[in-house]
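# The following comprises the amino acid sequence and a computationally predicted model.
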Amino acid sequence: MEKVNLDEKFALFSDYWSPKVVGELNGQQVKLVKFQGEFVWHHHEHEDELFLVVKGQMAIEFRDKTVILNPGEFIIVPKGVEHKPVAAEEVHVMLLEPASTLNTGNVVGEKTVAVLQSL
């Protein structure tokens, strides 16, 4: 049982769209990721996702609306809902999702990270 300092963990990497595992509980993983630019439209067939903005601002685009997230705000995207994260500037995000969650969901491409690094 050790505390996790988010600023220290975010300082360990600079790549975008590549989640890093910083904790696990009850089959869920706590992941840190940096976003900049646009991700891909995708959905997760079996997993809900929680996006919590730690630093910066991002948008989650849905087919019928866009939700802006600022530091200290989060959104839960239910399984099966198509979405696309977007960040004009670098944003630091904490994800909470089942360990089985593939970052690109139902889409496999250049931004897919099949094996996650643990910090």
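All right, it came through fine. Residues are numbered from 1 along each chain as shown.
# drop to CA atoms for contacts and neighbour counts, all remaining ones
Noted.
# Confidence-wise, which helix or strand of this protein is lowest on average?
Taking mean pLDDT, DSSP states H and E as the measure, the helix or strand of the chain with the lowest value is strand 117-118, at a mean of 78.
# For that strand, name the packing helices and strands.
Strand 117-118 sits against strand 20-25, with contacts defined as 3 or more CA pairs under 8 Å, 6 or more residues apart in numbering; DSSP states H and E.
# Do a quick rundown of the helices in this protein.
In the chain, the segments counted as helices under DSSP state H are 6-10.
# how about the strands in it?
Chain-ordered strands for the chain, with DSSP state E as the definition, fall at 20-25, 28-38, 49-55, 58-61, 66-69, 74-77, 84-98, 117-118.
# Sheet partners, orientation included, of the least confident helix or strand of the chain?
Within its sheet, strand 117-118 is paired with strand 20-25 (parallel), according to DSSP bridges.
# Of all the residues in the strand it pairs with, which ones are buried?
Taking 16 or more other CA atoms under 10 Å as the basis for neighbour counts, the residues of strand 20-25 that come out buried are Lys20, Val21, Val22.
# Let me see the confidence value for the residue nearest to Val33 when sequence neighbours are not counted.
Spatially, and ignoring its direct neighbours in sequence, Val33 is nearest to Pro19 (4.5 Å; CA to CA, 6 or more residues apart in numbering). Pro19 is assigned 94 on the pLDDT scale.
# try Leu119
Here, the pLDDT recorded for Leu119 equals 90.
# Over to Leu102?
In the predicted model, Leu102 carries a pLDDT score of 68.
# Start at 73, not 1
Will do, 73 is the new start, and the previous item becomes Leu174.
# what's around Val76, how many residues?
Residues lying near Val76 (other CA atoms under 10 Å) number 10.
# Poorly predicted segments of the chain, please.
When residues are selected by pLDDT under 70, those of the chain lie in 174, 186.
# from memory Met166 sits against Lys127, does it?
No - taking CA atoms under 8 Å as the contact criterion, Met166 and Lys127 are not neighbours in contact, 9.8 Å apart.
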